[in-house]
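Enquirer: Sequence and predicted structure, then a few things I'm wondering about:
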Amino acid sequence: MVPTKEQLSKYAHLTIKMGVNVQKGQALLINAPIEARQFVHHLVDEAYEAGSEDVQVNWIDEVLTKKRYDHEPLSVLEHVPDWVVERQMTHAKNGGAVLNIHAPNPDLLEDVDAERVAKRVKLVVKH
């Protein structure tokens, strides 16, 4: 069943007000798959209505993620660029909130070497 606009709006309101508890003037970073685009649009509206002055969306495409695992050398997978770390650290130091939305496809990475995925996950969690 596909949710209605009204349902998405209500869920976004609940997520921003109760789940994240966005405060007036607080920045919000939303990490979300592109498949959740319509819901994210409602989240952004709700965040601004709650008083956020800076809402950033980091779009995630699972197909592109798989392509990275399939083709990038381990040396690239094992490295998180400084700008990525700096962005996250600055956001956190300034009291920003983060909302992660997941819409996993459990079969997407089934044919990717688990060691490659583990190296990237370990590195991201470490930072």
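Expert: Structure's in. What do you need?
Enquirer: count of neighbours near M1?
Expert: For M1, the neighbour count with other Cβ atoms under 10 Å is 4. For the C-beta atoms, the positions are set from N, CA and C on the backbone; glycine is no exception.
Enquirer: What's the separation between it and Q7?
Expert: Distance of M1 to Q7, given as Cβ to Cβ, to the nearest Å: 10 Å.
Enquirer: same deal with I16?
Expert: According to Cβ to Cβ, I16 stands 15 Å off from Q7.
Enquirer: higher neighbour count, the two?
Expert: Each of I16 and Q7 has its neighbours counted (other Cβ under 10 Å); I16 has more, 26 against 13.
Enquirer: In space, what's closest to the more buried one - neighbours in sequence excluded?
Expert: Once flanking residues are discounted, I16 sits nearest to E46: 4.0 Å by Cβ to Cβ, 6 or more residues apart in numbering.
Enquirer: mind listing what the one you found touches?
Expert: 9, 12-13, 15-17, 22 (Cβ atoms under 8 Å, 6 or more residues apart in numbering).
Enquirer: mind checking which helix or strand it is in?
Expert: helix 37-49 (DSSP states H and E).
Enquirer: avg pLDDT for that helix?
Expert: Per-residue pLDDT values over helix 37-49 give a mean of 97.
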